[in-house]
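> model this:
(2 chains)
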Amino acid sequence: MPKTLEAVDVVIVGAGAAGSVFAATLAEAGKSVVVLERGRDHKLTDLYSSQIWARRLKWAAPLVLEEGPDSVWPNFNSGTGVGGAAIHHYAVWPRYHPEDFREFSLYGRSLDWPFEYSELRPYYDEVQKDVGMAGDASKEPWRPPGAPYELPPVLVTKHGQVIARGFEALKMRTAPLPMAVLTAPYKGRLPCIWDGWCDAGCPIGSLANPLVVYLPRATQAGARIVANAAVTRVLTDSTGKKATGVEYHTPDGESVVQPASVVVLCAFTIENARLMLNSGGSRHPNGLGNKNGLVGRYLMSHPAVSVSGLFNEEMQNAIGATGGQLLCQDPYDKKSDPSGAFGSRQWEIGLALKPNDLLGIAMTRPDIFGKSLHDFMLDGARHMGSMVGVCEDEPLYTNRVDLSKTTKDKYGMPVASIKYQISPEGRKLWATAAAEGVKIFKAAGAREAWHGPPGGQHIMGGTVMGNDPAKSVLNSVAQSHEVKNLFVGGPSVFPTSSCINSTFTAHAMSLKSAKYIASNWGAVKA
Amino acid sequence: MNLTRRAVIDKALKSSVLCLGFSVGGVTLMLTPEQARAQQVVLRTLKPDQVKLLEALAEGLVPGSVKLGVTHFIDHQVSADPGDCLLIAKYLQAPVPYADFYAAGLKVAEGMAQRATGKSLTSLDAAALEGVIKEMSKPDAVVDGYPIFLFYLCLRSDAVDVVYGTPEGFEKLNVPYMQHILPPEKWDA
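Alright, predicted model coming up:
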């Protein structure tokens, strides 16, 4: 028999980017809030400067079974513990463009969001002010309307300058990369010292992560964060139309019920779908809020290509931010790809490099080993340039998160089973980017240039928003069409991926939903 | 030898970057993999024949990695919960349990050596070892149904971690480490 706790106004599942925004907004609106986080607690002092130790921050349990031909790289792209994936994210924060919200209406492809850019813009602006963003809007010809950046742009070293030469030679434009990284003191937080440890977590708090922006606000306003609480089900009343709380398990196996008036799932893309699918019952035989069978569908990940090159210059590649220094969105137009593929692309230029790890110098040339490896490492440490091309992935009905029929986690909950294939359009965009990247590096003067294999950045979709309850899981405030006091936060709610890093938009969307809940409390909880 | 106080502190800080809890005589000591190897700390998972194969391959992949304790690093990590694992196998979606994945990889690599040369990996000369590793390094190589290229990537990366992923490793490349916080001396795997 599970232990039942005292009821709260709002229970939030997951203490990452989305969960922290919901928690701060709703606690500050006077609601009693509990945040349940499956992983361990994290403090800034846990963020060690080491690519090896950074791997503790990333997900590997519960297991995800991948059955499709491609991977969404769940362990690398997800986080575990308080702060979630946002604790190790790179803070590259461009905005979605207006056309990303209306792809079906404008182009007859993909899906539409249930609102336009103009409706999300105020939330982008507010989040930007909360975190303090660095950039130069005047130099971003592609940027949608928005408030000017709070802070001057991030550092551009020789690394960025040399690669920018190649863009210029090919008549492509670059601009400072918009980042949620402080370049000057801001609201009590210190500026970045450009040591390139973003991936290992930023213990000085210049990179906006939940531990330094929204979670302190949430706890200050009375929200309670509970780590090591593995939520396995959303509970509903006998009608199936109202969520009554969640059930979770403690590490020692105790089962606990947390009753709440409103439930918000912010457990990241895979787990949001998994939780809804596992919360079925007689009223929801296919899973909670899943009458149309769309929970778990339209899973997306950005096809990404890493481009590396060796230059004659001293590149200063150890210095800077891991996410890069410069941005190019010239290939953003969805109908302009030379292959005829539909979708957007962007370049993130001048990523700070470390010798080891997945994005480190050694891994750029996995074919080199033995005695020649050291020479390559020495050369790379001084002369390597790096950039990443990010491509749009179309939402495909066949790409999905499901519950495994064979494997359960230690709490008896089926693990997630994923079938994913990069969309055909995304694969074509990737091929264009791979060739273009090498060309840019050669134009910049690289004596050698090459690209890596297709990778997957970010994980989106699975609980997509839409106006039509028959064609989507959530409405325009990420509220379940079927269970009115159930909301979802994070990139799982995105109907399209664009080619944009997802964390800024996840923040803005979560703020939109949270403000809706606070302003419509009576109707939402009824 | 003229060691300044600063140099002693720097040395102590650097050596703690890969300090892991190794059990010695029932007591957990915080050691680097290099120290664990030098002190002949008993391995938890890897068997002696697997160690020989692993060290032959690791040294062929990244010279110096054996002395720096790649065997103890891998053994320590494949013995831990996958969620806490510090190996790149985690990022590369290698199948769990990682101990089985590494055991199978070593067996397949040994089979490749035997088929190609009639000898064990442990008795190959440098050129023959290079030939076997080259076969393993072919992208998407699969042998006997086992993803040997994935194993190659993992083992190479583990060896790179111990040789280049620490402050001493950065120093070998003249790369500034610029740490905020070095890992603590105590950590329970």
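> For chain A, see how far away the residue most central in space within chain B is.
Residue closest to the average C-alpha location in chain B (Cα atoms, centre = their mean): B:V70, at 2.9 Å. Separation of B:V70 from chain A (Cβ to the nearest Cβ, to the nearest Å) stands at 12 Å. The C-beta positions use only the backbone N, C-alpha and C, and glycine is treated the same way.
> Now do the same contact list for the residue nearest to A:K291 when sequence neighbours are not counted.
Nearest non-adjacent residue to A:K291, counting by Cβ to Cβ, 6 or more residues apart in numbering or on different chains: A:E482, 6.2 Å away. With contact set as Cβ atoms under 8 Å, 6 or more residues apart in numbering or on different chains, A:E482 has these partners: A:241, A:284, A:288-289, A:291, A:469.
> Closest one of those to A:I517?
Checking the contacts of A:E482 against A:I517 with Cβ to Cβ, the nearest one is A:G289 at 16.4 Å.
> Can you tell me the closest non-neighbouring residue to the closest one?
Counting by Cβ to Cβ, 6+ apart, the residue nearest A:G289 is A:S480, at 4.0 Å.
> Can you get me a residue count around the one you found?
Neighbour count for A:S480, taken as other Cβ atoms under 10 Å in any protein chain shown: 25.
> Report the beta-bridge partner residues of A:V33.
For A:V33, the beta-bridge partners under DSSP bridges are A:V10.
> ok now do it, which residues does it touch?
A:V33 makes contact with A:8-12, A:23, A:26-27, A:218, A:221-224, according to Cβ under 8 Å, 6+ apart.
> what do you get if the cut-off is 6 Å, keeping everything else the same?
Residues in contact with A:V33, defined by Cβ atoms under 6 Å, 6 or more residues apart in numbering or on different chains, are A:10, A:23, A:26-27, A:223.
> Which of these fall within helices?
Members of the contacts of A:V33 lying in helices (criterion: DSSP state H): A:23, A:26-27.
> Let's see if you can find the most crowded of those residues.
In terms of neighbour count, A:A23 stands highest of the ones in helices among the contacts of A:V33 at 33 neighbours, by other Cβ under 10 Å.
> Give me the distance between that one and A:S301.
Computed as Cβ to Cβ, to the nearest Å, the A:A23 to A:S301 distance reads 27 Å.
> now swap in A:S502 and tell me
10 Å.
> what helices or strands is the longest helix seen in chain A leaning on?
The residue-count maximum for a helix in chain A (DSSP H) belongs to helix A:424-443. Applying 3 or more Cβ pairs under 6 Å, 6 or more residues apart in numbering or on different chains; DSSP states H and E, one finds that helix A:424-443 makes contact with helix A:158-169, strand A:300-310, strand A:384-391, strand A:448-451.
> Could you list the paired strands of the shortest one along with their orientation?
What that stands for is strand A:448-451. strand A:300-310 (antiparallel).
> Pull out the buried residues from the partner strand.
The neighbour-count check on strand A:300-310 (16 or more other Cβ atoms under 10 Å in any protein chain shown) flags A:300-310 as buried.
> Contact partners for residue 94?
Since no chain was named, I'll use chain A. A:178, A:500.
> let's do chain B instead
Each residue near B:A94 by Cβ under 6 Å, 6+ apart is listed here: B:101, B:154.
> And for B:G145, the neighbour number?
Neighbours of B:G145 (other Cβ under 10 Å): 7.
> repeat for A:W450
Neighbour count of A:W450, defined by other Cβ under 10 Å: 16.
> So the nearest residue to it once chain neighbours are set aside versus chain B, what's the distance?
Closest residue to A:W450 apart from its sequence neighbours, by Cβ to Cβ, 6+ apart: A:S308 at 6.0 Å. When distance is defined by Cβ to the nearest Cβ, A:S308 is 16 Å away from chain B.
> again, but for A:N290
27 Å.
> now do A:L111
From A:L111 to chain B the distance is 28 Å (Cβ to the nearest Cβ).
> contact partners of stretch A:365-383?
The contact list for stretch A:365-383, computed with Cβ under 6 Å, 6+ apart, reads A:310-311, A:314-315, A:361, B:61, B:133, B:137, B:153, B:173, B:175.
> rewinding a little: kindly reformat the contacts of A:V33 as JSON lines containing pLDDT.
Shown next, in JSON lines, are those (pLDDT from 0 to 100):
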{"residue": "A:V10", "pLDDT": "98"}
{"residue": "A:A23", "pLDDT": "99"}
{"residue": "A:L26", "pLDDT": "98"}
{"residue": "A:A27", "pLDDT": "99"}
{"residue": "A:A223", "pLDDT": "98"}
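> Closest one of these to chain B?
Of all those, the one with the least separation from chain B (Cβ to the nearest Cβ) is A:A23, at 24.0 Å.
> contacting residues for the closest one?
A:A23 makes contact with A:12, A:33, A:35, A:218, A:223, according to Cβ under 6 Å, 6+ apart.
> Now render the helices and strands packed on helix A:424-443 as CSV, adding distance to A:T496 and mean pLDDT.
CSV is the format used below for the helices and strands packed on helix A:424-443 (distance: least, Cβ to Cβ, whole Å; pLDDT from 0 to 100):
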stretch, distance to A:T496, mean pLDDT
helix A:158-169, 26, 98
strand A:300-310, 8, 98
strand A:384-391, 13, 98
strand A:448-451, 25, 98
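> On the pLDDT front, check A:W197 for me.
If you check A:W197, the pLDDT there is 96.
> what's around it, how many residues?
For A:W197, the count of nearby residues is 27 (other Cβ under 10 Å).
> neighbours around the nearest residue to it once chain neighbours are set aside, how many?
Nearest non-adjacent residue to A:W197, counting by Cβ to Cβ, 6+ apart: A:S49, 4.6 Å away. As a burial measure, A:S49 scores 23 neighbours (other Cβ under 10 Å).
> I figured A:S49 hits B:H180, correct?
Yes - at 4.9 Å, A:S49 counts as touching B:H180 under the criterion of Cβ atoms under 6 Å.
> Give me the neighbour count for A:D46.
Count around A:D46 with other Cβ under 10 Å applied: 21.
> now swap in A:L106 and tell me
15.
> A:I270 versus the residue nearest to it when sequence neighbours are not counted, what's the distance?
Sequence neighbours aside, A:E99 is the residue nearest to A:L106 in space, at 5.9 Å (criterion: Cβ to Cβ, 6+ apart). Noted for A:E99: a distance of 28 Å to A:I270, by Cβ to Cβ.
> okay, the two: which has more neighbours?
Set A:E99 next to A:I270 and count neighbours by other Cβ under 10 Å: A:I270 wins out with 24 against 20.
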